[in-house]
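Q: return atomic coordinates for the entry below.
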Amino acid sequence: MCSVHWLNQPGMGNNAPGTHSTTIEKSLESRLQQLKCHFTWNLITGDESLDEFEDRVFNKDEFQNSECKATMCNIQAYVNHLRGQNKAALKCLEDAECFIQQQYPDQAEIRSLVTWGNYAWVYYHMGQFSKAQAYLDKVRGVCEKFSSPYRIESPELDCEEGWARLKCTQNQNERVKVCFEKALEKDPKNPEFTSGWAIACYRLDYWPARQDSIDSLKGALRLSPNNSYLKVLLALKLEMEDENQAWELVEEAIRKAPGETDVLLSAAKFYYKTHNADRAIQLLTKALEYLPNNAYAHYHIGCCYRSKVLGMVHRRETAFNGNQMRFQKLIQLAVDHLRKAEEIKEFLEHSCSYLAGLYAMTNKYEEANYYFQKEFKKDLSPGLKQLLHLQYGNFQLFQMKCEDKAIHHFMEGVKIRQETKPKGKMINKLQRIALRRLSEDEFDSEALCILEFLRELNEEGEQAAKEAERGLDAEKAAPSASLHENGDE
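A: Numbering: from 1, shown residues only. The predicted structure follows:
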């Protein structure tokens, strides 16, 4: 597990000078803790490993913040340090300084405070305390102009913290929004601050609570009319109410920024949602030119081809001989990309169960069973575990003709204490199997066991419902804690 408490370990690097006393080190660390930078923002929290953090920030997250190159360099420096690659971290910080000079020549000092703070922390961990102090002095030289030694309130610093948290954290959207709101209080018409605030509002539409970000995105676009990423986000919000305008926004964004991966990936999401898998595949393939080993791009291409396969099955097009070759080709394309994704990054959600289902369609049962077993090894939520038991039970029942194994998995899925659609389907399947077997043999022990199991399950459900009702009576005034939960799971 990786967390920020690693950072409070002086002398992590080589050449830690033995002549410096513990008192000097503690004094230096005390000043470092006052800095506003990636080392003091607690960007890695909970049980997330460094591998998971790095993968999410640089591979999974569509938002690349391509306009703020210094921000990405600082984040890469922070990750490199955590990897023990301090020389590489210093090189990233040099790049960040160059980008700041290019992008903000009139604000270079104040925009460099975060980078200088990161420099100080890296040198401190390398045991090069004099260099760490030199960067502390640079920070102090700017902050003292505002009557503060190492920490000042500045919209530029609030903005930089907002970008860092937007890129690096999953569940801090409210805090991200506050960072940009603080910046906007000082400079309400700043395009960069407004863009960050709008993106935070967009994220908040999905977690933790819904709010309407359309006006926020439109306001940000008025100040940043060439921001293609904002256009795609707005299109994703407008997709249900004005698909024509949404489509125009997406196509304009792609024309203006044909090589920006966050635009390509988000635009692909738009087309997938609007049932245009071919266009989504085209954009994802373009993104792969810039991200050849990105597991998520391969995964989403595989999902697009899989949706085309399922569409043919649903429309019964596979029954016609002329479509059989196309059907097989689509399956192979879906398999190729999903396997590539799985090779690059194991245990992507649904990847193995999707592969198993595709192999089952082509009667490759050994391969299908292999990927089902691989999916069972994943750390799945109760709802996903139930869905997997349903899928594997169906595989055993219809493809492998092994009713006993199917019954076992349906029962295992039903035992999971969560009410979902897959659970209801498994209960129905068990009832049908039991009744069919009893119609053939009224003393069938397996069928009688299934019915007894379902009877006990029903009694437990009724008891749980009564207890829940008593709990509701005791807390009538309490609001629902699951207002925004997905009822399907």
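Q: please parse the chain into its domains.
A: Per the record, the chain has its domains at 4-170, 380-463, by automatic domain parsing.
Q: looking at the ones you listed, which is closest to Ala280?
A: domain 4-170 (13.2 Å; CB to CB). For glycine as for every other residue, the C-beta is placed from the backbone atoms N, C-alpha and C.
Q: return the distance of the closest one from the chain's centre.
A: Computed by CA atoms, centre = their mean, to the nearest Å, the chain-centroid distance of domain 4-170 equals 24 Å.
Q: low-scoring stretches of this structure, by residue?
A: For the chain, the stretches flagged by pLDDT under 70 are 1-21, 206-211, 319-321, 461, 463-489.
Q: swap the cut-off to 90 and go again
A: 1-27, 45-48, 61-68, 145-152, 170-173, 204-212, 240-241, 315-324, 346-349, 458-489 (pLDDT under 90).
Q: what sits against Thr318?
A: Contact analysis of Thr318 by CB atoms under 8 Å, 6 or more residues apart in numbering lists 312, 324, 327.
Q: so which of the domains of the chain is the most surrounded?
A: Most buried of those, by mean neighbour count (mean count of other CB atoms under 10 Å): domain 4-170, with a mean of 18.
Q: any idea how far Asp212 is from Ser351?
A: As defined by CB to CB, to the nearest Å, Asp212 lies at a distance of 34 Å from Ser351.
Q: and if you look at Arg31?
A: Arg31 sits 47 Å away from Ser351, going by CB to CB.
Q: repeat that for Arg339.
A: 9 Å.
Q: and the two? which has more neighbours close in?
A: Ranked by neighbour count (other CB atoms under 10 Å), Arg339 and Ser351 place Ser351 first, with 25 against 18.
Q: my guess is the more buried one contacts Glu342. True?
A: Yes: with contact defined as CB atoms under 8 Å, Ser351 reaches Glu342; the gap is 5.1 Å.
Q: tell me the secondary structure at Asn363.
A: For Asn363, the assignment made with DSSP: H, G, I helix; E, B strand; the rest coil gives coil.
Q: who are the contact partners of Ser266?
A: By CB under 8 Å, 6+ apart, Ser266 lies in contact with 62, 229, 232-233, 236.
Q: out of those, which are inside helices?
A: Among these, the members falling in helices (DSSP state H) are 229, 232-233, 236.
Q: by neighbours, which of the residues you listed wins?
A: Counting neighbours by other CB under 10 Å, Leu233 comes out on top of the ones in helices among the contacts of Ser266 with 31 neighbours.
Q: picking up where we left off before, can I get the domains of the chain in CSV including distance to Ala368?
A: Shown next, in CSV, are the domains of the chain (distance: least, CB to CB, whole Å):
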stretch, distance to Ala368
domain 4-170, 27
domain 380-463, 6
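Q: so which elements touch the helix or strand hosting Glu185?
A: Remark: Glu185 resides in helix 173-186, with elements defined by DSSP states H and E. Helix 173-186 makes packing contacts with helix 155-168, helix 191-204 when contacts are defined by 3 or more CB pairs under 8 Å, 6 or more residues apart in numbering; DSSP states H and E.
Q: got JSON lines for those, with distance to Ser307 too?
A: Below are the helices and strands packed on helix 173-186 laid out as JSON lines (distance: least, CB to CB, whole Å):
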{"stretch": "helix 155-168", "distance to Ser307": "29"}
{"stretch": "helix 191-204", "distance to Ser307": "25"}
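Q: closest to Tyr124 out of those?
A: Counting by CB to CB, Tyr124 lies closest to helix 155-168 out of the helices and strands packed on helix 173-186; the figure is 19.5 Å.
Q: the inter-axis angle of the closest one versus helix 191-204?
A: Interaxial angle of helix 155-168 relative to helix 191-204 (axes from the mean of the first three to the mean of the last three CA atoms, to 10 degrees): 30 degrees.
Q: packing partners of helix 155-168?
A: With contacts taken as 3+ CB pairs under 8 Å, 6+ apart, helix 155-168 sits against helix 69-82, helix 108-111, helix 113-125, helix 173-186, helix 191-204.
Q: contacts for it, please.
A: Contacts of helix 155-168 (CB under 8 Å, 6+ apart): 36, 38, 41, 43-44, 53, 57, 61, 63, 65, 68, 71-72, 74-75, 107, 110-111, 113-114, 172, 175-176, 179-180, 182-187, 190, 192-193, 196-197, 199-200, 203.
Q: can you tell me which of the ones in helices among the contacts of Ser266 lies nearest to Gly259?
A: Tyr229 (12.8 Å).
Q: that closest one touches Ala253, doesn't it?
A: Yes: look at Tyr229 against Ala253 with CB under 8 Å: they come within range, at 7.4 Å.
Q: spit out the residues that contact these two alike.
A: Shared between the contact lists of Tyr229 and Ala253 (criterion: CB under 8 Å, 6+ apart) are residues Val263.
Q: mind saving the C-alpha coords of the helix or strand where Lys26 lies as PDB?
A: Here Lys26, judged by DSSP H and E, is contained in helix 22-32. Only the C-alpha atoms of helix 22-32 are listed here, as PDB (Å, rounded to 0.1, in the frame of the first residue of the first chain):
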ATOM      1  CA  THR A  22      18.400  15.400  13.600                       C
ATOM      2  CA  THR A  23      17.400  18.800  14.900                       C
ATOM      3  CA  ILE A  24      18.300  20.400  11.500                       C
ATOM      4  CA  GLU A  25      16.400  17.700   9.600                       C
ATOM      5  CA  LYS A  26      13.300  18.200  11.800                       C
ATOM      6  CA  SER A  27      13.500  21.900  11.300                       C
ATOM      7  CA  LEU A  28      13.800  21.500   7.600                       C
ATOM      8  CA  GLU A  29      10.900  19.100   7.500                       C
ATOM      9  CA  SER A  30       8.700  21.400   9.500                       C
ATOM     10  CA  ARG A  31       9.200  24.100   6.900                       C
ATOM     11  CA  LEU A  32       8.600  21.700   4.100                       C
END
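Q: list the helices and strands that helix packs on?
A: With contacts taken as 3+ CB pairs under 8 Å, 6+ apart, helix 22-32 sits against helix 113-125, helix 129-143.
Q: quick one, helices of the stretch 301-450 of the chain?
A: With DSSP state H, counting those that start in this stretch as the criterion, the stretch 301-450 of the chain has helices at 321-344, 351-361, 365-376, 382-394, 403-415, 421-440, 445-474.
Q: could I have the second one exported to CSV, CA atoms only?
A: Just to be clear, that refers to helix 351-361. This file holds the C-alpha atoms of helix 351-361, laid out as CSV (Å, rounded to 0.1, in the frame of the first residue of the first chain):
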residue,chain,number,x,y,z
SER,A,351,-12.9,-8.1,-19.6
CYS,A,352,-12.7,-11.8,-18.8
SER,A,353,-16.4,-12.5,-18.6
TYR,A,354,-16.8,-10.7,-22.0
LEU,A,355,-14.0,-12.9,-23.4
ALA,A,356,-15.6,-16.0,-22.0
GLY,A,357,-19.0,-15.1,-23.5
LEU,A,358,-17.4,-14.4,-27.0
TYR,A,359,-15.5,-17.7,-26.9
ALA,A,360,-18.7,-19.6,-25.9
MET,A,361,-20.4,-18.1,-29.0
